[in-house]
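Asker: no FASTA, just this:
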């Protein structure tokens, strides 16, 4: 009874890993899970306190609709100005979203007609493909390769075949941890303007940066606001993966299109969660500094572990991921499954993020720093 489009849909990346992990745990195995992009670090206390207060407010128990909680819109706009120097209108250029995942996919429904071309990075986040696929678009993949610094070359946008309507971009990048500077974004915006394409900039990892690196934003680029939308999420930055909250910002016309589509799919994020998000954004910088310090400690421990086990990899400047070559250059999924069954270590195969990720695996910074010594032991034994 399934629709033909559903039967042709590839499986979601490693959707059976939770079941395998549960089986190993039931067998008494100590599973080292570096798979999911969930740090497991504490959520901001201010978020919990604000949610508790708001959940008891009778005025916040109804539908949020797309209007949302006014203070959330205002705090998101204030954050954009503090962080990126971008003055945005809280009502026309900010839209509360149920995490960035749903909005990233639904924007494709707002902008694409069947047969329009969409350029997506490969490897990349599954909703880029999913939104374009269900919208009936022609999907053009751009392989993210080491020789290009895992970047989408701007000339690939200019040279893309077909009626190019939409470009998805994500830096700092999941899964490769690649980063870009403002000059690169300027080149991408110029390429999109030349092709008349919209740019959807997934900036979910903008605050998870190390050392002196500072991730740029689309609205810092002259002309960026005219041709695109940028997406921000509470999931990674504030460890609020299950809360499902974020915002979109950028071109007011594109925002109105996304809002109209969302009206047919959802009735907005729970208002008390938006109240909690507003409280977090009001003190965002203090929490981010603590969170990045925790992640940097994990990153350094993970780098030492993988390098100690023979992996050659650079030091990432951002995200909570390491992008590792498969030893011997073999296929990523069989290697990851064998590692999971033999040593109870969860890594995600690069091929699960698209054919361009084959030959690599992704490790998330999900373990406390002291646990990476055990990881070295298991990787050496597996090798």
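Answerer: Done, it's in. Bear in mind that the values here come from a model prediction, so they are computed numbers and not experimental data.
Asker: so for the helix or strand in which residue 18 is found, what's the average pLDDT?
Answerer: Here residue 18 sits within helix 17-26, counting by DSSP states H and E. Rounded to a whole number, the mean pLDDT of helix 17-26 is 89.
Asker: packing partners for that helix?
Answerer: In terms of contacts (3 or more CB pairs under 8 Å, 6 or more residues apart in numbering; DSSP states H and E), helix 17-26 is packed against helix 332-343. (Glycine included, C-beta is placed from N, CA and C.)
Asker: Mind doing that once more with 10 Å?
Answerer: When contacts are defined as 3 or more CB pairs under 10 Å, 6 or more residues apart in numbering; DSSP states H and E, helix 17-26 sits against strand 32-33, helix 332-343, strand 345-346.
Asker: so which of these comes closest to residue 16?
Answerer: Shortest separation from residue 16 across the helices and strands packed on helix 17-26 is recorded for helix 332-343, at 9.6 Å, computed as CB to CB.
Asker: next one: that closest one to chain centre, how far?
Answerer: Per CA atoms, centre = their mean, to the nearest Å, the displacement of helix 332-343 from the mean C-alpha position of its chain is 24 Å.
Asker: same question, stretch 216-228
Answerer: In terms of CA atoms, centre = their mean, the gap separating the centre of stretch 216-228 from the centre of its chain is 19 Å.
Asker: Could you give me the buried positions within it?
Answerer: Using 16 or more other CB atoms under 10 Å as the test for burial, stretch 216-228 gives 216-221, 224-225, 227-228.
Asker: Looking at those, which is nearest residue 199?
Answerer: Proximity of those to residue 199, judged by CB to CB, is greatest for residue 228, which lies at 3.6 Å.
Asker: circling back: quickly check the buried residues of stretch 216-228 for the two that are furthest apart.
Answerer: Of all pairs drawn from the buried residues of stretch 216-228, the one with the largest separation by CB to CB is 216 and 227; the distance is 15.7 Å.
Asker: so what's the residue nearest the centre of the chain closest to, chain neighbours aside?
Answerer: The residue at the geometric middle of the chain, judged as the C-alpha nearest the mean C-alpha position with CA atoms, centre = their mean, is residue 204 (5.0 Å). Closest residue to residue 204 apart from its sequence neighbours, by CB to CB, 6 or more residues apart in numbering: residue 233 at 4.3 Å.
Asker: That neighbour: neighbour count?
Answerer: Other residues within reach of residue 233 by the criterion other CB atoms under 10 Å amount to 25.
Asker: Bridging across strands, which residues link to it?
Answerer: Beta-bridge pairing of residue 233 under DSSP bridges involves residue 246.
Asker: residue contacts, it?
Answerer: Under the criterion of CB atoms under 10 Å, 6 or more residues apart in numbering, the neighbours of residue 233 are 97, 99-101, 103-104, 202-206, 240-241, 243-247.
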